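>>> Everything below, folded, please.
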Amino acid sequence: MVWTQIHEPHRNEEKQVKGIYNDYFGDFGGRYVAEILRTPLDELERAWRESMDSDAYRSELQDLLVSYAGRPTPLLFAQNATRSCGGAQIFIKLEGLANTGAHKINNALGQALLAKRMGKGRIIAETGAGQHGVATAAACAKLGLKCRVYMGEIDIRRQRPNVFWMELFGAEVVPVVSGSKTLKDAINEALRDWAGSSTSTHYLIGSALGPSPYPDMVREFQSVIGREVEEEMRRLGLEVEALIACVGGGSNAIGFFAPFLGREKPRLVGVEAGGRGSGTGEHAARMGGFGTPGIVHGYKSLFLLDDDGQVGKTHSISAGLDYPGIGPQLASLGREGRIEFTRASDDESLAAVRFFASHEGLIFALESAHAGAAALEMAPEMPENRAIIVHMSGRGDKDLFILAKQLAGKGWRDFLLQEGREDEA
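Modelled structure (predicted):
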């Protein structure tokens, strides 16, 4: 069951004037949900608005971001990569050095703290690549909240290390065996749960999508990334030509781009999953003419839909980029031309993982490696006195089994077989 029952979302003029809260972004966004979810969403919006105006809440969140998440994360000049590519200077925002290994902790802490303030003692979440699940489980452990994470059965198999960490933090990981057994189906199960448990439960959505107020809320919690980048640009006196981020649902990209959305420069480049081709089910690119307007998971945006209007199949080597939709604000900004969208294939992303590992000693998550691949292509075309900043939204520990299988080949398979024989002995 996908929540597609249509209700025209209310528009709040005060929110539009304030400039932070938006039910819609152009034609996209809104709150299209079953009636049973309207009350918890109204409650969540009120609580969030009040909390964002609360000095006590903001102070506690800031303390957690610094002392627990490890903010600010560094901005690294990738000197070896720059020398190898030629052209623009390459800088890397090392969000993978945040606690739990990715940008997801920023939003997880913000929402978990909000839930505690609302008196909700139980958290549910969805996860694809597992980074949001790990961040949510860690935040719940830190704040003393119960945690359940829904994860597609296929994603559980390919992201097993993150399942281990979630369970170690005390979360219950629930395999989702319906549909494509990936992220979109995990969201469906989380929504079903929330519909029956909202009085005691907060649904901690990990990306800048879903019904209002989630796209605004997630963007605001992730905008700490962009604010840090903006400060470093000023401090270093950088002439930045472009900011580059991978785009699945869009939480890392919209947070990275947030301070620059109302400006003409720098260029903002979103990189989608090019997968293994341009055919149906071979990629997860929604922009560039592939996506169709639709209403899925409580919001209107661009989705990969089949001829019958149902959610179509997707593919990406990265579990975090194979979601069939894109956050509504990103879709709107893409239509307006403020954000440029491109694609990186599975092979290009694997090559970027290898390149940054051998040149900079960094292991990009496969999602982030899509942005890295685009940076390697763009840098040689730009002047040497300009810079590009690529967002390493996560590190690749979670992708060990995928990367080793792809890049180490037979030696890795022999190791796993040997381990299996020893376990059976």
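>>> ranges for the strands of the stretch 151-300 of the chain?
172-176, 201-203, 240-246, 267-275, 292-296, 299-303 (DSSP state E, counting those that start in this stretch).
>>> tell me what the fourth one is packed against?
Secondary structure elements in contact with strand 267-275, counted by 3 or more Cβ pairs under 8 Å, 6 or more residues apart in numbering; DSSP states H and E, are strand 240-246, helix 328-336, strand 339-345, helix 346-360, helix 366-378. Yep, even glycine has a C-beta here, placed from its N, CA and C like the rest.
>>> is it possible to export the strands of the stretch 151-300 of the chain to a markdown table including mean neighbour count and distance to Ala195?
What follows is the strands of the stretch 151-300 of the chain, written out as a markdown table (neighbours: other Cβ atoms under 10 Å; distance: least, Cβ to Cβ, whole Å):
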| stretch | mean neighbour count | distance to Ala195 |
| --- | --- | --- |
| strand 172-176 | 18 | 16 |
| strand 201-203 | 24 | 10 |
| strand 240-246 | 26 | 31 |
| strand 267-275 | 25 | 30 |
| strand 292-296 | 17 | 16 |
| strand 299-303 | 26 | 16 |
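>>> Can you tell me which of these is nearest to Ser84?
strand 240-246 (17.1 Å; Cβ to Cβ).
>>> and the closest one, how far out from the chain's middle?
Centroid separation for strand 240-246 versus its chain: 16 Å, with Cα atoms, centre = their mean, to the nearest Å.
>>> ok so, going back, Thr100 is nearest to which of the strands of the stretch 151-300 of the chain?
strand 172-176 (15.1 Å).
>>> just checking, what packs against the closest one?
Using 3+ Cβ pairs under 8 Å, 6+ apart: strand 172-176 touches strand 146-152, helix 153-158, helix 160-168, helix 183-197.
>>> residue closest to the middle of the protein?
Nearest to the mean C-alpha position of the chain, by Cα atoms, centre = their mean, lies Ser251 at 4.1 Å.
>>> hang on, isn't that one packed against Gly210?
No - with contact defined as Cβ atoms under 8 Å, Ser251 does not count as touching Gly210 (11.0 Å).
>>> Turn the strands of the stretch 151-300 of the chain into CSV, columns for distance to Asp27.
Shown next, in CSV, are those (distance: least, Cβ to Cβ, whole Å):
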stretch, distance to Asp27
strand 172-176, 30
strand 201-203, 25
strand 240-246, 23
strand 267-275, 18
strand 292-296, 7
strand 299-303, 7
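>>> Can you tell me which of those strands is nearest to Leu145?
Nearest of the strands of the stretch 151-300 of the chain (Cβ to Cβ): strand 201-203, 8.5 Å.
>>> That closest one - contacts with which helices or strands?
helix 104-117, strand 122-127, helix 183-197.
>>> got those as a markdown table, with mean pLDDT and mean neighbour count columns?
Conversion of those to a markdown table gives the following (pLDDT from 0 to 100; neighbours: other Cβ atoms under 10 Å):
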| stretch | mean pLDDT | mean neighbour count |
| --- | --- | --- |
| helix 104-117 | 98 | 25 |
| strand 122-127 | 96 | 26 |
| helix 183-197 | 93 | 21 |
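>>> which stretch among the ones you listed comes nearest Leu238?
helix 104-117 (22.8 Å).
>>> quick check: angle from the closest one to strand 122-127?
160 degrees (axes from the mean of the first three to the mean of the last three Cα atoms, to 10 degrees).
>>> Next, the angle strand 146-152 makes with helix 104-117.
Going by the same axes, to 10 degrees, helix 104-117 makes 140 degrees with strand 146-152.
>>> from the chain's centre, how far out does helix 104-117 sit?
That offset, for helix 104-117, works out to 15 Å (Cα atoms, centre = their mean).
>>> Who are the packing partners of that helix?
Using 3+ Cβ pairs under 8 Å, 6+ apart as the test, helix 104-117 ends up in contact with helix 38-52, helix 55-67, helix 131-143, strand 201-203, helix 214-236, helix 251-257.
>>> change it to 7 Å
Applying 3 or more Cβ pairs under 7 Å, 6 or more residues apart in numbering; DSSP states H and E, one finds that helix 104-117 contacts helix 38-52, helix 55-67, helix 131-143, helix 214-236.
>>> Return it as CSV; C-alpha atoms alone will do.
Taking C-alpha atoms only, helix 104-117 is exported to CSV below (Å, rounded to 0.1, in the frame of the first residue of the first chain):
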residue,chain,number,x,y,z
LYS,A,104,22.4,11.5,8.2
ILE,A,105,23.3,12.1,11.8
ASN,A,106,22.5,15.9,11.5
ASN,A,107,18.8,15.2,10.7
ALA,A,108,18.5,12.2,13.0
LEU,A,109,19.6,14.2,16.0
GLY,A,110,17.3,17.1,15.1
GLN,A,111,14.3,15.0,14.7
ALA,A,112,15.0,12.6,17.6
LEU,A,113,15.4,15.6,20.0
LEU,A,114,12.2,17.0,18.6
ALA,A,115,10.4,13.7,19.2
LYS,A,116,11.6,13.6,22.8
ARG,A,117,10.4,17.2,23.3
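>>> Outside of that helix itself, list whatever touches it.
The contact list for helix 104-117 (Cβ atoms under 7 Å, 6 or more residues apart in numbering) reads 47-48, 51, 57, 60-61, 64-65, 69, 98-99, 123, 131-132, 135-136, 138-140, 143, 145, 202, 204, 206, 218, 221-222, 224, 251.
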